[in-house]
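J.: Could you look at this predicted model? Sequence included:
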Amino acid sequence: MQFRGKQVVAASGAVAAAIALAACSSSSSSSSSAPSSAAASTPAASASTSASASSASGTISGAGSTFQTNFQQGAISAFKSVDPNITVNYNPVGSGTGRTDLYANSVLYAGSDSPIPSKEAKDVPAGKTVLYFPVQIGPIAIAYNLSGVTGLKLDATVLAEIFSGKITTWNDPAIKALNPSASLPSSSISLEVRSDSSGTTANFSQYLVDAAGSAWTLGTSSIISFPKSAHANDGGSAVAAAVKATPNSIGYVDFSTATATGLTAASIKNSAGDYVAPSSQSAAAAATHVTPKANLTFLTVDEPGATSYPITYQSWDLVYAKQPNANDAALLQAWLGYLLGAGQSLLTPLNLAPLPASIDAAAKAQLSQITS
Amino acid sequence: MSTGVQADPAKSAGSASSLTRRRPLGDRGFQVLALVAGLLVLAILIGIAVSTAQQGADWFSTAGFKGIFSTVWDVGNNQFGMMAFVYGTVISSVIAIIIAVPVSLGVALLLTEVVPRRWGQPIIVIIDLLAVVPSVVWGLWGILVLEPWIEPIYASIASGVNGIPVLDNLFGESNGGVSGASFFTCGLILAIMITPIITSLAREVIATVPAIDKEGAYALGATRWEMIRGAVWPHSQAGVVGAILVGLGRAMGETIAAALVIGSSVQVTSHLFVPGYSIPAVIANQFGESSGEFRSALIGLGLVLFVITIIVNLVARGVVERSARRSRGA
Amino acid sequence: MAVVSDQPTIDLREPGGWRRSKNQIATVLMYVAFVIILIPLGLVIFEVIAKGAKAISWQFLTNSTIPPNVMPLGQGGMGAAVVGTLEITAFAAVIAVPLGILGAVYINEYGGGGKSWLSGLISFMSNVMVGVPSIVMGLFIFTVWVIPHGLTGLSGFAGSLALACLMLPLVIRSTYEMLRLVPDHLREASYALGATKSRVTLTVVLPSAISGIVSGSLLAIARAAGETAPLLFTIGLVESTNSNLFSGPTTALPSQIFSNALSPYVGAEERAWGAALTLIVIAFILLFVARIFTARFTRYAR
């Protein structure tokens, strides 16, 4: 085969041209028109343009809770048209790792579904105060994959026994008692749980401790030693994917991820005795009963109220009160201000719930405590 | 005009020149530069060993050698036993070798002995295409296409061997049933990925068999297969073993495809159709979320993997080069 | 005249029966082996094209905003990842190719092709280094570069370093093979004209091997472009283009494919296929160009 020089030049020229074109068109990211089409598809577009662009510019990196993934990603996308000078990156590595990254100064803010546990207190660098900014409320869905079964009803005791391995088959009498009309198969239950340090796990286990009493013996923590038969997954999305792919499986995953994956969620009995399905509204109803502490930490599990979803939880963005420089402080105030302000309207379409007005106001007032 | 340095006629051209002899500065500088570049290889290898050992020391001081052989992996309680991952790495790589070796050797022999040179070119192109597909694409295809397709096949095999003593332990159902993401699927994908390597190395080795032996066998009336068995195989035996070992090393170190299709389940079991875990897969999946002793344990796992693959490659290359030298001398 | 009658008779007929069948079976099995390797190759290319073509559009390839995972196809694009891959891989090549060529020059020209103990060691160890898992390279750069740099550690540059470690032994090995093929008489003729060793290498040896060297380097680049593991702990994760290689996290096509493959959302899955198609096209183009150079070199060497 004769390869003429011209052919080589043409081939390499084509490759080089492709590279140059790609580089040129993506270097115009600051003036891109694409984000406005992204904002237009979310109903909150009009709300987002009412926030004014701040004078700060730069890049913010955050990491942590997978529960916040959908909200953070949506807000980052919408924020581009609000303030094109600020670029935000969020890495959903799990609440525990997000906090560790904050202590190590690799990120400016950490997404965490639970306050800093006492055993982590020593890891916080000396002299640093951590501020908690609640950003979202949402349900933990008990997602299941059972063909021919919809509207599964469960309560805390049965949940505790399923997830500690005491109930192993779907047609167990305890489950049947709550679902007399459902045709439950005799197959064994495939448990999908989290393997990583997760705020979802922490809040789910907290609910079981509060509501299931002696039926739940595994305690509450970001990492639970589930029974050996449970399949451990890294991250909320992985649990959702696993439940979707595995027949006769059940798992706990935030409702936003569960619905986006197309999973069915069980209705859970709340403290008023009603079986409530997870939704943005039932989570918001639960949140209205919450009284936060002075540092804005609170728990939303097992709240009273007839329409409250019992396994509701929350997430915070943690930042240091004292920032190394004024630009970082301004960036954080702009970004967190957006999340607490116009960004809240992004939550309901994502099947999450916005903060109750009083908590939102308190959080906004706390913004001024970020100084440099 | 006489040059400053007389070339020594006894030395062959291209041998190392001493840096101490009077030579132009640029010439000596170039030699130093080349030497540094070469030493970089050694520096990186030593650097890997030292840095991973340092980071893994934290875990090693708590777990000790027992930690390497323990199968208990409980992150919540800071228990980091490595055996389950070593097992998974070995099992999936062995499955990969068992599948890949006959195919690779078949293609290598096809190219060197059977097919005329003209028709060999397209085959070589196909092998190259196979080699250049990125491992993450194999993983993507594995998890989204292969797994759902192969799971019913596993299920029917499992029900087929139900009750048969050894086969049931290997291919039967474990307590969780069978899974598309499993040791065997991982081995299958790894086999696809290492086939091009084994094929090209085996080709190189087989090509060093002296033509005289091959022609001698034909002259005695041997069929092609008999010639391969009698002339090619004895000469290339060691080299082919080396090629297989190189493939084994590659299979053990393959990260992304394994991370996606092995099933991410820490267990040691003889059942092949169930999810498992391997060293590179657990590092890839859990490193981002790790810290403290957990992270140290993962880096320690990296060191274990490094040592295992270095040993396998040392043996492989040693065997290949020794056989190459022997046949060159012959 | 010798008596022929007691010499063994050589049977010159076609071997019959069982021997012939064995041979035929063996030949058939070899062809079957070839068909077996065609199957996964064909399947994966088919699937990637079938599923990825849906996602490919000019917007997909160049839009600098990576959409949230939940978003369906049509929003944003992978431009950030394309830029990331091109930049990181190109810079890794800038580091690894010259160093690899120099290393091979040392082994072959100054070490007598492995005869001196040092060059023999380097040559052997670079062959061994080819087998080091790519994730170990990633861990290495993470430990020695990312950790000490804290907040600024994650960057495209760190990813380039990790990929360069991966490419170095590949470039050394292929360059070494090419240099060995350059006939000695070219070198001797240059020495006879009074050239220094570096001059001989730079002006005679390397240019005659250049096609083969380029081909080997392109294959190493193709390999590096497709690697994910070294990038896992070194480049971080972003949602928009970061064209600055040296500061701030970035993303690349293999990383996006990996994270999207694990995501349960339909849109993310489709984007993964689109990114996979893009990556395969890049790899195949590099392979094709490498083959062109190999053909030129073989033509020359013959």
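T.: Perfect, thanks for sending it.

J.: contacts and neighbour counts: CA atoms only from here.
T.: Fine.

J.: can you tell me the distance between the two ends of stretch B:101-115?
T.: In stretch B:101-115, first residue to last residue: 20 Å (Cα to Cα, to the nearest Å).

J.: Oh, that last question was meant for stretch C:110-121, not what I typed.
T.: 13 Å.

J.: how close does the residue of the stretch 1-150 of chain A at minimum distance from chain C sit to C:Leu154?
T.: Closest approach of the stretch 1-150 of chain A to chain C (Cα to the nearest Cα) occurs at A:Ser106, with a separation of 4.1 Å. Per Cα to Cα, A:Ser106 is found 9 Å from C:Leu154.

J.: Counting neighbours, go ahead and name the busier of the two.
T.: Between A:Ser106 and C:Leu154, C:Leu154 has the larger neighbour count (other Cα atoms under 10 Å in any protein chain shown), namely 26 against 21.

J.: any idea what sits nearest the residue in the stretch 201-350 of chain A that chain C sits nearest to, other than its immediate chain neighbours?
T.: Chain C sits closest to A:Ala241 of the stretch 201-350 of chain A, with a gap of 4.8 Å, by Cα to the nearest Cα. In space, and not counting its chain neighbours, A:Ala241 is closest to C:Pro264: 4.8 Å by Cα to Cα, 6 or more residues apart in numbering or on different chains.

J.: I figured that neighbour hits A:Gly235, correct?
T.: No - C:Pro264 is beyond contact range of A:Gly235, at 11.2 Å (criterion: Cα atoms under 8 Å).

J.: Which strand or helix spans the residue nearest to the spatial centre of chain B?
T.: By Cα atoms, centre = their mean, chain B has its centre lying nearest to B:Arg250, at 1.9 Å. According to DSSP states H and E, B:Arg250 maps onto helix B:233-253.

J.: Enumerate every residue touching residue 248.
T.: You didn't pick a chain, so chain A it is. A:Tyr144, A:Asn145, A:Leu146, A:Ser147, A:Trp170, A:Ser187, A:Ser188, A:Ile189, A:Ser190 (Cα atoms under 8 Å, 6 or more residues apart in numbering or on different chains).

J.: wait, I meant chain C there
T.: Taking Cα under 8 Å, 6+ apart as the contact definition, C:Gly248 lies against C:Thr152, C:Gly153, C:Leu154, C:Ser155, C:Gly156, C:Asn242.

J.: can I assume B:Gly56 is in contact with B:Ser296?
T.: Yes - with contacts counted by Cα under 8 Å, B:Gly56 reaches B:Ser296, the gap being 4.6 Å.

J.: shared neighbours, these two?
T.: Common neighbours of B:Gly56 and B:Ser296, using Cα under 8 Å, 6+ apart, do not exist here.

J.: ok, and what's touching the helix or strand encompassing A:Ser237?
T.: Assigned by DSSP H and E, A:Ser237 falls within helix A:236-245. Helix A:236-245 is contacted from outside by A:66-67, A:143-145, A:192-194, A:233, A:249-254, A:257-258, A:261-263, C:262-264, using Cα under 8 Å, 6+ apart.

J.: what does stretch B:66-74 give?
T.: Applying Cα under 8 Å, 6+ apart, the contact partners of stretch B:66-74 are A:Ser225, B:Phe60, B:Gln79, B:Phe80, B:Gly81, B:Met82, B:Met83, B:Ala84, B:Val266, B:Gln267, B:Val268.

J.: How many neighbouring residues does the first one have?
T.: By the other Cα under 10 Å criterion, the neighbourhood of A:Ser225 contains 18 residues.

J.: now do the fifth one
T.: When counting by other Cα under 10 Å, one arrives at 23 neighbours for B:Gly81.

J.: what's the spacing between it and C:Leu277?
T.: 39 Å.

J.: Residues of the stretch 151-300 of chain C that sit close to chain B?
T.: Residues of the stretch 151-300 of chain C found near chain B (Cα under 8 Å from any Cα of the partner chain) are C:165, C:168-169, C:184, C:187-188, C:191, C:194, C:196-199, C:222-223, C:226-229, C:232-233, C:254, C:257-258, C:261-262, C:272-273, C:276, C:279-280, C:283-284, C:287.

J.: ok, now which ones touch the residue lying closest to the residue nearest to the centre of chain B once chain neighbours are set aside?
T.: The shortest distance from B:Arg250 to any non-neighbouring residue, by Cα to Cα, 6+ apart, is to C:Gly131 (6.0 Å). Taking Cα under 8 Å, 6+ apart, we find C:Gly131 in contact with B:Val246, B:Gly249, B:Arg250, B:Gly253, B:Thr309, B:Ile310, B:Asn313.

J.: And the helices in the stretch 101-250 of chain B?
T.: With helices called from DSSP state H, counting those that start in this stretch, the stretch 101-250 of chain B shows them at B:117-132, B:135-141, B:147-160, B:165-171, B:183-207, B:211-219, B:224-227, B:233-253.

J.: ignore the last one, chain A
T.: Along chain A, counting by DSSP state H, helices occupy A:5-27, A:34-41, A:45-48, A:69-82, A:95-103, A:156-163, A:173-178, A:199-212, A:236-245, A:255-261, A:280-287, A:326-340, A:357-366.

J.: next one: the fifth one to chain centre, how far?
T.: Taking Cα atoms, centre = their mean, to the nearest Å, one finds the center of helix A:95-103 at 15 Å from the center of the full chain.

J.: residues contacting C:Leu287?
T.: For C:Leu287, the contact set (Cα under 8 Å, 6+ apart) comprises B:Asp128, B:Leu129, B:Val132, C:Leu218, C:Leu219, C:Ala222.

J.: Can you say which of those residues are buried?
T.: Neighbour counting by 16 or more other Cα atoms under 10 Å in any protein chain shown classes B:Asp128, B:Leu129, B:Val132, C:Leu218, C:Leu219, C:Ala222 among the contacts of C:Leu287 as buried.

J.: Just the closest of the residues you listed to B:Arg224, please.
T.: B:Asp128 (26.6 Å; Cα to Cα).

J.: Please report the distance of the closest residue to the closest one other than its chain neighbours from B:Asn313.
T.: Excluding the flanking residues, the one nearest B:Asp128 by Cα to Cα, 6+ apart is B:Pro196, at 7.1 Å. Using Cα to Cα, we find B:Pro196 at a distance of 17 Å from B:Asn313.

J.: try B:Leu146
T.: Separation of B:Leu146 from B:Asn313 (Cα to Cα): 30 Å.

J.: Pick out whichever of the two has more residues nearby.
T.: B:Asn313 (27 against 20).

J.: In which helix or strand does the closest residue to that one other than its chain neighbours reside?
T.: Leaving aside its sequence neighbours, B:Asn313 sits nearest to C:Val128 (Cα to Cα, 6+ apart; 5.4 Å). Element membership for C:Val128, per DSSP H and E: helix C:117-130.

J.: Find the nearest non-adjacent residue to the closest residue to chain A within the stretch 1-150 of chain B, please.
T.: The nearest approach of the stretch 1-150 of chain B to chain A comes at B:Gly76, 5.2 Å away (Cα to the nearest Cα). The shortest distance from B:Gly76 to any non-neighbouring residue, by Cα to Cα, 6+ apart, is to A:Ile223 (5.2 Å).
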